[in-house]
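**Student:** My questions are about this predicted structure, shown below with the sequence.
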Amino acid sequence: MRVDNKHERYDVAFSLGAACACSSALRCAKLQFGSFPLDWIAGSTVVQRAALVASRFDGWLDKDDFAYDGKNQINGLGIFKNRRTGFTHLHDFSDGPIDDSYAKVVKKYKRRESRLFSLCDCARRILCVYISRPSGRDVPDEELHEARLTMSRAFPSAYVALVHFRCEHGRRPSDRLVHRPEDGICQIVFDYDDPERDVNIKEVAAVLVEDGYTVTDYRTAAEKRAYKLGLKMKKYGVHSYAELVWARVKAQIGRCFGIKPKTYGSDYMKM
């Protein structure tokens, strides 16, 4: 039986959920460099998420399956739940009739799907990460096995590894448990609960780095420059290069008068 070497480099890593914290942790650990379909989607189980990837997201954005579920008070967008799949979109649709933003959302997710499969279809080693929410249900080994098996069948030419984070309150990261029920599955257990953010992203990222998970940076030089530019735009909460230049000028002027510039951090515009 092949033994998974956690220190061996992967060709691509992506989030299976359960929410946006997983993608944020992967980015913080320098394991993910762009957005993928399941990064910001809530709901469903790791088994259902793996099955959705294996289906190549067949029909998951059919407009008739969505129902409005109120306004997201954090970002002002509309919350739309897919009645067929159980997924909830918290960061995509505008707060109003779905037709107002549906075409734009579909275009965005098609781009993310294309990015994911263009990488996974030619990868030799794929890393999938799933973080259970601290208040969520436990995930038994049988479900992890089924999810990994589904992903392995979806990408038969690649070795697929699944890392699952489970929260155990009171257990420090330095005393974390590592459970390997079978080849290719690793469950990491410690207390990553964060009262404000749900998941302590920096602690999870630090564990991934400390345990030696690495990913080949597949980006071109132009893509790296665009990514860095995007981070700067997110920091200042702007949407164009011209706005970024003006925001930095204002920030410099403000600093001259002892005024701290307003920035948004890595969570703003993280789509």
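**Tutor:** Sure thing, it's come through. This structure is a prediction, so every number in the text was calculated from the model and none was measured.

**Student:** switch to C-alpha atoms for all contacts and neighbour counts from now on
**Tutor:** OK.

**Student:** Give me the pLDDT for Glu142.
**Tutor:** We have a pLDDT of 96 for Glu142.

**Student:** nope, Val47 is what I was after
**Tutor:** pLDDT, Val47: 96.

**Student:** helix, strand or coil for it?
**Tutor:** helix (DSSP: H, G, I helix; E, B strand; the rest coil).

**Student:** wait, it sits on Ala147?
**Tutor:** Yes: contact criterion CA atoms under 8 Å: Val47 and Ala147 qualify, at 4.7 Å.

**Student:** in the lowest-mean-pLDDT helix or strand in the chain, what's buried?
**Tutor:** Lowest by mean pLDDT, DSSP states H and E among the helices and strands of the chain is helix 221-236, with a mean of 72. Buried residues in helix 221-236, defined by neighbour count with 16 or more other CA atoms under 10 Å: 230-236.

**Student:** and that helix, what other elements does it pack with?
**Tutor:** On a contact count with 3 or more CA pairs under 8 Å, 6 or more residues apart in numbering; DSSP states H and E, helix 221-236 meets helix 241-256.

**Student:** can you state the direction angle for the helix it packs on and helix 221-236?
**Tutor:** 50 degrees (axes from the mean of the first three to the mean of the last three CA atoms, to 10 degrees).

**Student:** any idea of the mean pLDDT for helix 241-256?
**Tutor:** Here the average pLDDT along helix 241-256 is 76.

**Student:** That one: which residues count as buried?
**Tutor:** 244, 247, 251.

**Student:** and what of stretch 212-223?
**Tutor:** Of the residues in stretch 212-223, those buried by neighbour count under the rule 16+ other CA under 10 Å are 213-215.

**Student:** Among the buried residues of helix 221-236, which one lies nearest to Ser101?
**Tutor:** Lys234 (21.4 Å; CA to CA).

**Student:** which sections of the stretch 151-271 of the chain are below the confidence cut-off?
**Tutor:** 220, 223-224, 227, 257, 260-271 (pLDDT under 70).

**Student:** Where do the strands of it begin and end?
**Tutor:** 159-167, 177-182, 185-190, 193-194, 198-199 (DSSP state E, counting those that start in this stretch).

**Student:** Please identify which of these is closest to Lys71.
**Tutor:** strand 198-199 (19.9 Å).

**Student:** ok, and what's touching that closest one?
**Tutor:** 21, 133-134, 192-193 (CA atoms under 8 Å, 6 or more residues apart in numbering).

**Student:** Recalculate using a threshold of 10 Å.
**Tutor:** Contacts to strand 198-199, defined as CA atoms under 10 Å, 6 or more residues apart in numbering, come from residues 19-22, 24-25, 131-135, 167, 191-193.

**Student:** With respect to Glu142, which of the residues you listed is nearest?
**Tutor:** Ser132 (15.3 Å).

**Student:** Please list all residues in contact with the closest one.
**Tutor:** 17-19, 21-22, 45-46, 138-139, 164-167, 199.

**Student:** for it, phi and psi?
**Tutor:** Dihedral angles of Ser132 (phi, psi; degrees, to the nearest 10) stand at phi -70, psi 140.

**Student:** how close does Asp217 sit to Leu127?
**Tutor:** Asp217 sits 14 Å away from Leu127, going by CA to CA, to the nearest Å.

**Student:** which residues are common contacts for these two?
**Tutor:** 10-12, 31.

**Student:** Highest neighbour count among these?
**Tutor:** Leu31 (25 neighbours; other CA atoms under 10 Å).
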